[in-house]
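Colleague: pasted the sequence and its predicted model underneath.
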2 protein chains.
Amino acid sequence: MSLLVQKFGGTSVGTVERILAVARRVKAERDRGHDMVVVVSAMSGETNRLLELARGISADATAREVDVLLATGEQVTIALLSMALEAIGCPARSYTGGQVHILTDNVHGKARIVDIDGERVRQDLALGRVVVIAGFQGVDENGNITTLGRGGSDTTAVAMAAALKADECQIYTDVDGVYTTDPRVCPQARRLARITAEEMLELASLGAKVLQIRSVEFAGKYRVPLRVLSSFEDGPGTLITYEETQMEQALISGIAFSRDEAKLTVKGVPDQPGVAYRILGGVADAAINVDMIIQNIGADGTTDFTFTVPRTDYRKAREIVTKTATELHARDIQGDERIAKISVVGVGMRSHAGIASTMFQVLAREGINIQMISTSEIKISVVVEEKYLELAVRALHSAFGLDAENGSGAAA
Amino acid sequence: MSLLVQKFGGTSVGTVERILAVARRVKAERDRGHDMVVVVSAMSGETNRLLELARGISADATAREVDVLLATGEQVTIALLSMALEAIGCPARSYTGGQVHILTDNVHGKARIVDIDGERVRQDLALGRVVVIAGFQGVDENGNITTLGRGGSDTTAVAMAAALKADECQIYTDVDGVYTTDPRVCPQARRLARITAEEMLELASLGAKVLQIRSVEFAGKYRVPLRVLSSFEDGPGTLITYEETQMEQALISGIAFSRDEAKLTVKGVPDQPGVAYRILGGVADAAINVDMIIQNIGADGTTDFTFTVPRTDYRKAREIVTKTATELHARDIQGDERIAKISVVGVGMRSHAGIASTMFQVLAREGINIQMISTSEIKISVVVEEKYLELAVRALHSAFGLDAENGSGAAA
């Protein structure tokens, strides 16, 4: 008998019918003899409905009260799912974050979990009950309701699994696992049977939206076996592992991409210490996240400075940088909103050379110009013109042996 | 400086605009220097929306989980009202029932308040904050969420006022006070400036739906000064008092009526000990509330037994009684769903004789036959044919000097 923590997101519990389907799925596992803890999100659309109410009251609502408001979303779901379980003869108990002492710091809207007391949950499990827990929420040390931010239910599930030393934490989503890349862009994409947490983190931060980054970090910290599966179809999903040495470790696990960035180049700034700070300082002060940064030193004692920002922050960043560039007597400013970032990710890079050159060769063969390059231990990212995105992803997917026909992993 | 507890029901907080209006009203009192505690219900329609979701899951939802579900209704309102207060520069803090330790027994759906810890509220008040509390809900000693049943927000407000020794508990509703009778039935009805708690209880239990009975009982127990006012128009409302000796004590304070009852008569049952129990036992076992009971002894050694039940339970009660009547060899069963109960209420009855005879005389003059009579220390109730209801109420209202023209109380 195992202890499983299952998490169902907003789409999986979006209607009364889907909640009933989740109850049947949970009961089936219970009937196989597993102890079951279920973490749920708000029904899809509910959080937006609540935020709409808040906006009707005030454009700048108090963060503490927004959390009190939003926390009702998951509370509705835990009640309905527990009713559904009891209605099919499966004893169940619902708990809010506060009721099972999910202690967080007091940063409303993006609180971090500090501690969980699993005692009450263990008592209910011992009595044969399924325990249904509201994701996304907790309480600070003064009992104020906090929320973990969007997608925080994944973190709740992982933290609960860690606290209870669960055998597996299963995250049910609307996709059936982690793919080598987005199947909408590359039809040859296939589901990975396993992926390391490290790779998963790189994929997540690069735009693959299967799991929330913090939940994967959390899982890694406590070595919680994590599995991503579909709540709409059966299948083994993708298991996130912590050991890297597998028999058939692929060089590359997946290809991530993002259209959410824009590029800014400041040309002909004096090549002096402190220039990078002066250009990026103002951008950082405006809470704009800078991703890739490149600096080329020119022959004339000036330098070209290029960086990427989220596309939604592009105009604001351009305004800030224009002001700085004038102060620095820079020659010119150029911007480009039509870029895409493509990254190949794989722990195999650590032991195998030549992956970067393969990547560059493939892109060159397709006539795709590389605008920026950035690397880390297990990933290589390039920025290209946005119109080449699909072509680049497909060519790389095939070149690194990820296509379904060649794949040794699970079928797509 | 006083400490006021104000309670706003579902209609008063039914929309974002109304919540903003409540915030302005609360701030105005705060600006006058009062410490303010506000208790709110779920936005009108919300409780029904949630119950509809529950019905979609199961026709017979677990009571514990229904409470978890319904408690979200008030939680949404406290968050929105606190936001609204903060948005107009009035510091505020919201609390669920659990957060301010409204301790109840564990009877889900109709829990009773056992204790309230006012400490946290006092701390916030000392810091100059308005405290906004979710009505209708609490927690049992194991931290499970409970609800007090429909209208329980009034009880929360009164209990909170008692715990904090508030100077006044003000219940805002969609009427501007307690009336001598329903103005829709009797246009001459006028608002009472004061009424005793005892009279209020009789009026409430007899169908006047201004305040929940339990909240008045609670207020009486702790002598909480209670005032009923309108959240839609200004005015002093009606103050519920505990002293009976006023300078101009009216004989009769008000006339209540109910169309919600039906009558059952079992004819010709043997006049033996235990007959009443045999007839009513089965009805009580089915959790049907019996109100008035009359037994007439006939000349032939048999008796006629008549009682009233809620109209919604009439069919069920009739089935049960038919079975018993057969066993008792009763002569006949008669039922009537078209009855109305009319009651005159007033503490003046204690010291003044002749009120009953005035009542019967007035009804006789109007040609209205009295089917049943029941009396208590401060009320006289009669059952008449439903079609006479309006006529009877108006005639009695006028006869007992309650009409607006003659009234010494507040204007209607």
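Modeller: Happy to help now that I have it. Numbers count the residues shown, from 1 in each chain, chains lettered A, B, ... in the order given.
Colleague: quick one, strands of the stretch 151-300 of chain A?
Modeller: Taking DSSP state E, counting those that start in this stretch as the test, the strands found in the stretch 151-300 of chain A are A:168-173, A:194-196, A:226-230, A:238-241, A:254-258, A:261-270, A:293-297.
Colleague: got any ranges where the stretch 1-150 of chain A has weak pLDDT?
Modeller: A:150 (pLDDT under 70).
Colleague: flag every residue of it that's near chain B.
Modeller: A:16, A:19-20, A:50, A:53-54, A:56-58, A:60-62, A:64-66, A:68-69, A:71-72, A:75-76, A:78-80, A:82-84, A:86-87, A:92-94, A:96, A:98-99, A:143-145 (Cβ under 8 Å from any Cβ of the partner chain). In short, each C-beta sits where N, CA and C put it, glycine included.
Colleague: out of those residues, which are buried?
Modeller: Buried by 16 or more other Cβ atoms under 10 Å in any protein chain shown: A:16, A:19-20, A:50, A:53-54, A:56-58, A:61-62, A:64-66, A:68-69, A:71-72, A:75-76, A:78-80, A:82-84, A:86-87, A:92-94, A:96, A:98-99, A:144-145, out of the residues of the stretch 1-150 of chain A next to chain B.
Colleague: now, which of those residues lie within strands?
Modeller: A:A92, A:R93, A:S94, A:I145 (DSSP state E).
Colleague: how about JSON lines for these, with distance to A:A162 added?
Modeller: Shown next, in JSON lines, are these (distance: Cβ to Cβ, whole Å):
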{"residue": "A:A92", "distance to A:A162": "22"}
{"residue": "A:R93", "distance to A:A162": "21"}
{"residue": "A:S94", "distance to A:A162": "21"}
{"residue": "A:I145", "distance to A:A162": "22"}
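Colleague: what is the neighbour count of A:L51?
Modeller: Look at A:L51: counted by other Cβ atoms under 10 Å in any protein chain shown, it has 15 neighbours.
Colleague: got it, and A:I195?
Modeller: Quick note: A:I195 (other Cβ under 10 Å) scores 27 neighbours.
Colleague: how close does it sit to B:Y95?
Modeller: Distance from A:I195 to B:Y95, counting by Cβ to Cβ, to the nearest Å: 44 Å.
Colleague: A:A256 and A:V345 touch, don't they?
Modeller: Yes - A:A256 lies in contact with A:V345 (Cβ atoms under 8 Å); the separation is 6.3 Å.
Colleague: excluding its backbone neighbours, what's nearest the residue nearest to the spatial centre of chain A?
Modeller: Taking Cα atoms, centre = their mean, the centroid of chain A lies closest to A:Q212, which sits 3.0 Å from it. Of all residues not flanking A:Q212 in the chain, A:G151 sits nearest, at 3.8 Å (Cβ to Cβ, 6 or more residues apart in numbering or on different chains).
Colleague: distance check, the one you found against B:L226.
Modeller: Per Cβ to Cβ, A:G151 is found 47 Å from B:L226.
Colleague: out of the two, which sits in the busier spot?
Modeller: Using other Cβ under 10 Å as the criterion, A:G151 and B:L226 rank with B:L226 on top: 30 against 18.
Colleague: do a quick rundown of the helices in chain A.
Modeller: Secondary structure of chain A by DSSP state H: the helices cover A:16-31, A:46-57, A:63-87, A:119-126, A:152-164, A:197-205, A:213-222, A:275-285, A:314-327, A:355-365, A:389-399.
Colleague: what's the closest of the ones you listed to B:E337?
Modeller: helix A:63-87 (34.8 Å; Cβ to Cβ).
Colleague: A:E202: what's it in contact with?
Modeller: A:A256, A:S343, A:V345, A:S376, A:I378, A:K379 (Cβ atoms under 8 Å, 6 or more residues apart in numbering or on different chains).
Colleague: what's the local residue count around the first one?
Modeller: Other residues near A:A256 come to 24 when the count uses other Cβ under 10 Å.
Colleague: just the pLDDT for the residue lying closest to A:L280 once chain neighbours are set aside.
Modeller: Ranked by Cβ to Cβ, 6+ apart and with sequence neighbours excluded, the top spatial neighbour of A:L280 is A:V290, at 5.9 Å. We note a pLDDT of 88 for A:V290 in this prediction.
Colleague: pretty sure A:V290 contacts A:T306?
Modeller: No - counting by Cβ under 8 Å, A:V290 stays clear of A:T306, with 10.8 Å between them.
Colleague: so these two - more neighbours on which side?
Modeller: Ranked by neighbour count (other Cβ under 10 Å), A:V290 and A:T306 place A:T306 first, with 19 against 16.
Colleague: can you pull the contacts of A:L264?
Modeller: A:T306, A:F307, A:T308, A:V309, A:Y314, A:A317, A:R318, A:V321, A:I333, A:Q334, A:G335.
Colleague: neighbour-wise, give me the winner out of those residues.
Modeller: A:T308 leads these on contacts (other Cβ under 10 Å) with 27 neighbours.
Colleague: now A:E233: closest residue in space that isn't a chain neighbour?
Modeller: Closest residue to A:E233 apart from its sequence neighbours, by Cβ to Cβ, 6+ apart: A:D176 at 6.0 Å.
Colleague: and the closest residue to chain B within the stretch 251-400 of chain A, how far is that from A:E261?
Modeller: Minimum separation of the stretch 251-400 of chain A from chain B (Cβ to the nearest Cβ) falls at A:A287, amounting to 23.0 Å. For A:A287, the distance to A:E261 equals 16 Å [Cβ to Cβ].
Colleague: so what's the residue nearest to the centre of chain A up against?
Modeller: A:G151, A:G152, A:D154, A:T155, A:A204.
Colleague: need the contacts of A:L264 in a markdown table with pLDDT and distance to B:H34, can you?
Modeller: A markdown table is the format used below for the contacts of A:L264 (pLDDT from 0 to 100; distance: Cβ to Cβ, whole Å):
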| residue | pLDDT | distance to B:H34 |
| --- | --- | --- |
| A:T306 | 91 | 61 |
| A:F307 | 93 | 56 |
| A:T308 | 93 | 56 |
| A:V309 | 94 | 51 |
| A:Y314 | 95 | 51 |
| A:A317 | 95 | 49 |
| A:R318 | 95 | 52 |
| A:V321 | 94 | 53 |
| A:I333 | 93 | 58 |
| A:Q334 | 93 | 62 |
| A:G335 | 94 | 57 |
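Colleague: and those as TSV, adding distance to A:V37?
Modeller: Listed next are those as TSV, based on distance: Cβ to Cβ, whole Å:
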residue	distance to A:V37
A:T306	48
A:F307	44
A:T308	41
A:V309	40
A:Y314	43
A:A317	44
A:R318	48
A:V321	49
A:I333	54
A:Q334	53
A:G335	49
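Colleague: B:A399: which of those residues is nearest?
Modeller: A:Y314 (80.9 Å).
Colleague: how about the closest one: what's its closest non-neighbour residue?
Modeller: A:A262 (3.9 Å).
Colleague: same check, this time on A:V382
Modeller: Nearest one to A:V382, counting by Cβ to Cβ, 6+ apart, is A:I370 at 4.9 Å.
Colleague: tell me the contacts of that neighbour?
Modeller: A:I370 neighbours (Cβ under 8 Å, 6+ apart): A:F360, A:L363, A:V382, A:V383, A:V384.
Colleague: kindly recompute the last result at 7 Å.
Modeller: A:F360, A:L363, A:V382, A:V384 (Cβ atoms under 7 Å, 6 or more residues apart in numbering or on different chains).
Colleague: buried among those? Make that a PyMOL selection.
Modeller: Buried residues among those (16+ other Cβ under 10 Å), as a PyMOL selection:
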select buried, chain A and resi 363+382+384
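Colleague: now the contacts of A:I370 in TSV, with pLDDT?
Modeller: Formatted as TSV, the contacts of A:I370 follow (pLDDT from 0 to 100):
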residue	pLDDT
A:F360	92
A:L363	94
A:V382	92
A:V384	95
